[in-house]
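>>> just a sequence and a predicted model for now, questions to come.
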Amino acid sequence: MKVLVSALEHSANIHLSALRKELGNDIEFVGIFDKRLGDPLVDLRALAIMGFVDALKKLRFFFKLADKMADLAETADKVLLMDSSGFNLPLAKKIKKRYPDKEIIYYILPQAWAWKRGRIPVLERTIDRLASILPFEKEYYSDNAPIEYVGHPLLDEIARFKEVADKTITRVTFMPGSRKSEIRRLMPIFRQVRKRLDAEALIVVPEHFSKEELNDLYGTLSAFNVTHDAHRALYESDFAFICSGTATLEASLIGTPFVLAYVAKPLDYLIAKALVKLEYIGLANIMFDRFKGRRLHPELIQKNVTPETLLGAMRSMDREAFVEDSKALRGYLGHGSAERVAQIIEGDE
């Protein structure tokens, strides 16, 4: 079976890798994905963007890429879309118009519950199987929508979870993100925080960066122990400072207390603030607020991200309560999703 895959994000490809292990050897991937999973159309590094402004600069490139993907859909048995709604939802409409009977599966759905809820009827009309990774997501769709909660992929991928809080802070992990723009904005602040810490410091760096890119983005890393293994670093650390994104949910599930730090371009932040009507930006906080009525971890945003505020949040955090809340969050999500999505792709109900 040939599956046309559109997985543009680094995090989506981690989930895709877990899914690949559940699929039979007769499944072939074509399209956009990490080169370790096959022979993709493009190098994922060429697709990395951060925010609305960056996206506008690459519009022409993405239009051409969508046309190539629609052409590939002709010989594919099924289509698997993962996250990246700005690209994947228009692609789904293009494919469905050209090949009405082609089955389209969307795994890791657009966060239409957060903004642009008008996309929900479009998703219901265009997508044949909606694989939700958030327990509350189904509430926003109509009763006859082809949506089911399949579990959360991180529970397939995280091997170890903390059961008790560390008594002291002797090791701290820094995760300034995976996109170049967010790394450049956070690293000067994280470097100052590191200078004031009397603890071992780890920094999680994406594997795909070249030596030149590392020097340009991070500067000297002699004060940090560099690692590519985010889950191990978080599990073995007593605290973390993390850019917003999937890593914040990883830390929340593993049980490592942390502070979310988010610094965007001013224009991007203003646009997002106008469009997204949510009290929190961290997904773990959004979920925890829904079933517990409060946040799970601190969030510092824009001008509030300073060495002083980050260190203050670390010192004041109740780490024992965080670990107990982490257990509750794991219980809320229940289980992983790779096995169920593999069944959907292979046609098993």
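Perfect, thanks for sending it. Numbering: from 1, shown residues only.

>>> how is this structure divided into domains?
Structural domains assigned to the chain are 2-152+334-346, 171-333, following automatic domain parsing.

>>> can you give me the end-to-end span of the first one?
Same thing as domain 2-152+334-346. 11 Å (Cα to Cα, to the nearest Å).

>>> and the helix or strand encompassing Asp325, what does it pack onto?
Assessed by DSSP states H and E, Asp325 sits inside helix 319-333. With contacts defined as 3 or more Cβ pairs under 8 Å, 6 or more residues apart in numbering; DSSP states H and E, helix 319-333 has these neighbours: helix 246-254, helix 283-292. Glycine gets a C-beta too; all of them are placed from N, C-alpha and C.

>>> would you list these in CSV and tack on mean neighbour count and distance to Asn215?
Formatted as CSV, those follow (neighbours: other Cβ atoms under 10 Å; distance: least, Cβ to Cβ, whole Å):
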stretch, mean neighbour count, distance to Asn215
helix 246-254, 25, 23
helix 283-292, 18, 32
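
>>> phi, psi for the residue nearest to Ile242 when sequence neighbours are not counted please.
Using Cβ to Cβ, 6 or more residues apart in numbering and skipping residues adjacent in sequence, the residue nearest Ile242 is Met175, 4.4 Å away. Per-residue torsions, Met175: phi -130, psi 90 (degrees, to the nearest 10).

>>> gap between the residue nearest the centre of the chain and Glu200?
For the chain, the residue nearest the mean C-alpha position is Thr246 (3.6 Å; Cα atoms, centre = their mean). Going from Thr246 to Glu200 by Cβ to Cβ, to the nearest Å gives 24 Å.

>>> with distance to Gly86 and mean pLDDT as extra columns, can I get the helices and strands packed on helix 319-333 in a markdown table?
Formatted as a markdown table, the helices and strands packed on helix 319-333 follow (distance: least, Cβ to Cβ, whole Å; pLDDT from 0 to 100):
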| stretch | distance to Gly86 | mean pLDDT |
| --- | --- | --- |
| helix 246-254 | 17 | 96 |
| helix 283-292 | 18 | 93 |
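
>>> out of those, which gets nearest to Asp77?
Relative to Asp77, the nearest member of the helices and strands packed on helix 319-333 by Cβ to Cβ is helix 246-254, separated by 29.1 Å.

>>> tell me the first helix or strand C-terminal of that closest one.
Counting by DSSP H and E, what follows helix 246-254 is strand 258-262.

>>> can you tell me the average pLDDT over that next one?
Mean pLDDT, strand 258-262: 97.

>>> out of the domains of the chain, flag the one nearest Lys162.
Smallest distance to Lys162 across these (Cβ to Cβ): 3.1 Å, for domain 171-333.

>>> how long is that closest one end to end?
Start-to-end, domain 171-333 (Cα to Cα) is 28 Å.

>>> for it, the distance to its chain's centre please.
13 Å (Cα atoms, centre = their mean, to the nearest Å).

>>> what sits against Phe197?
Careful, residue 197 is Leu and not Phe. Val172, Leu311 (Cβ atoms under 8 Å, 6 or more residues apart in numbering).

>>> where does it land in three-state SS?
Of the three states, Leu197 takes coil according to DSSP: H, G, I helix; E, B strand; the rest coil.

>>> where's the nearest residue in space to Ala73 that is not next to it in sequence, which helix or strand?
Among residues not flanking Ala73 along the chain, Ile95 sits closest, at 4.7 Å (Cβ to Cβ, 6+ apart). Taking DSSP H and E as the criterion, Ile95 maps to helix 85-98.

>>> which strands and helices lie in contact with that helix?
Against helix 85-98 (3+ Cβ pairs under 8 Å, 6+ apart) you get strand 2-7, helix 59-72, strand 78-82, strand 103-107, helix 119-126.

>>> avg pLDDT for the first one?
Strand 2-7 carries an average pLDDT of 97.

>>> right, and the helix or strand after it?
helix 10-22.

>>> just how off-centre is that following helix within its chain?
Distance of helix 10-22 from the chain centroid (Cα atoms, centre = their mean) equals 12 Å.

>>> after that helix, next one along is what?
Downstream of helix 10-22, the first helix or strand assigned by DSSP H and E is strand 28-32.

>>> residue ranges for the helices of the stretch 101-250 of the chain, please.
Taking DSSP state H, counting those that start in this stretch, the helices of the stretch 101-250 of the chain run over residues 119-126, 154-157, 180-195, 211-218, 230-235, 246-254.

>>> worst mean pLDDT among the ones you listed?
helix 211-218 (a mean of 92).

>>> look up how far Val42 lies from Leu19.
Distance, Leu19 to Val42, using Cβ to Cβ: 20 Å.

>>> ok, these two, which is more surrounded?
Under the neighbour definition other Cβ atoms under 10 Å, Leu19 and Val42 were set side by side, and Leu19 has more, 26 against 15.
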